[in-house]
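S.K.: Pasting a predicted model and its sequence here:
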Amino acid sequence: MSHRRLATRLRQGLGIARSLVIYWRPGRQRGLRRLYADFLGPGDLAFDVGAHLGDRTAAFAGLGARVVALEPQPALHAWLSHLVGGRPGVTLLASAAGAAPGHAELAVSHATPTVSTLAEGWRDALAARNPGFRQVRWEARVRVPVTTLDALIDAYGEPQFCKIDVEGFEAEVLAGLSRALPALSVEFVSGALAVAEACVARLATLGDYRFNAIAGEGRGFRWAEWRTASAARAWLAAGAEGLASGDLYARRIDLTARSSVVQESQT
């Protein structure tokens, strides 16, 4: 094996090991199940778009939900299969999601596989605007299959909850959706908040949603009251309180009344 290939494998192994420490640390599953219990229950269907190493897939399945999980990175998909592939009701797809079916080029970061992405402009923006991404390198390119949320719904049914964490490609994923799902989440990242704004705008065209936010890898909502699309967009436009990253949750208005608010102090 060449020195270069060995170095690549080492970076890839260290990147995956880091993700295992972050996403599979003791106690995390309990907190995730507590968070998602307000969205999912036994027999419900969930989509995990950008499943990475499957911590959310495991939490959804732990609540008794059926899960369709998408992860296009070959190395991560192998680990995903090992970690959650044998769980009842879990279907794994080695695919990305986007606005239309086909194929696309995935930029892979071996050292930080969590930021591998289909969104070229997102990479450029973060390198210029977000100090945390200035050392990130996307060394490899992999051609991956792309499906759409509509196609997944046709094949598996409508999900009660859809998690979308695809490193700047979230708006393109939502462009492949033509109906108002009950609840979703999309990632936001400082330096590229316009992506999350576009997601809120897209969801507002599909249905009447209310929104809430979670900082980083926390498991508690920041706002006691779920906010309108215009309020969520204004929050993002103002800089999202300076948060480095997080997830924006959307819930259809007819479901918010039964929401039990999870306070930010829960971690």
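M.R.: Yep, it's here. Treat the numbers as computed from the prediction; the structure is a model and nothing was measured.

S.K.: who touches stretch 67-75?
M.R.: Outside stretch 67-75, the residues within contact range by C-beta atoms under 8 Å, 6 or more residues apart in numbering are 12, 16, 45-52, 54, 57, 60-61, 77, 80, 84, 89-97, 106, 108, 113, 116, 142, 144-145, 147, 152, 156, 159. C-beta here means a position set from N, CA and C on the backbone, and glycine is covered the same way.

S.K.: Report the buried members of the residues you listed.
M.R.: The neighbour count (16 or more other C-beta atoms under 10 Å) marks 12, 16, 45-52, 54, 57, 60-61, 77, 80, 84, 90, 92-97, 106, 108, 113, 116, 144, 147, 152, 159 as buried among the contacts of stretch 67-75.

S.K.: Now intersect the contacts of stretch 67-75 with the helices, please.
M.R.: Q12, I16, T57, F60, A61, H77, L80, V84, L152, Y156 (DSSP state H).

S.K.: and of those residues, the nearest to R123?
M.R.: Q12 (18.5 Å; C-beta to C-beta).

S.K.: which stretches of the stretch 151-267 of the chain form helices?
M.R.: 170-175, 193-206, 229-237, 253-256 (DSSP state H, counting those that start in this stretch).

S.K.: Give me the local confidence score for L20.
M.R.: Note for L20: predicted pLDDT of 87.

S.K.: And for A127?
M.R.: Looking at A127, its pLDDT is 71.

S.K.: And for it, nearest residue in space, chain neighbours not counted?
M.R.: In this structure, A127 finds its nearest non-sequential neighbour in F133, 5.7 Å apart by C-beta to C-beta, 6 or more residues apart in numbering.

S.K.: Any stretches of this protein with poor pLDDT?
M.R.: Low-confidence segments of the chain (pLDDT under 70): 1-8, 12, 256-267.

S.K.: mind checking how far the residue nearest to T117 when sequence neighbours are not counted is from R252?
M.R.: Using C-beta to C-beta, 6+ apart and skipping residues adjacent in sequence, the residue nearest T117 is E167, 3.7 Å away. E167 sits 26 Å away from R252, taking C-beta to C-beta, to the nearest Å as the criterion.

S.K.: Tell me where this protein has strands.
M.R.: Ranges of strands in the chain, per DSSP state E, are 45-49, 66-70, 90-93, 96-97, 102-108, 140-147, 161-164, 183-189, 209-215, 245-252.

S.K.: so V68 bridges to which residues?
M.R.: F47, T91 (DSSP bridges).

S.K.: what does V186 give?
M.R.: Applying DSSP bridges, one finds that V186 bridges with I164, L248.

S.K.: was I right about S185 contacting G246?
M.R.: No - using C-beta atoms under 8 Å as the test, S185 is too far from G246 to be in contact (9.8 Å).

S.K.: who's more crowded, the two?
M.R.: S185 (25 against 21; other C-beta atoms under 10 Å).

S.K.: contacting residues around that one?
M.R.: S185 makes contacts with F161, C162, K163, I164, D165, D247, L248, Y249, A250, as judged by C-beta under 8 Å, 6+ apart.

S.K.: Quickly note the distance from it to A192.
M.R.: Taken as C-beta to C-beta, the span from S185 to A192 is 17 Å.

S.K.: what do you get for L93?
M.R.: 26 Å.

S.K.: next one: R251
M.R.: From R251 to A192 the distance is 24 Å (C-beta to C-beta).

S.K.: quick one, phi/psi of the nearest residue to G43 once chain neighbours are set aside?
M.R.: Spatial nearest neighbour of G43, chain neighbours left out: G64 (6.5 Å); criterion: C-beta to C-beta, 6+ apart. The phi/psi pair for G64 (degrees, to the nearest 10) reads phi 90, psi 10.
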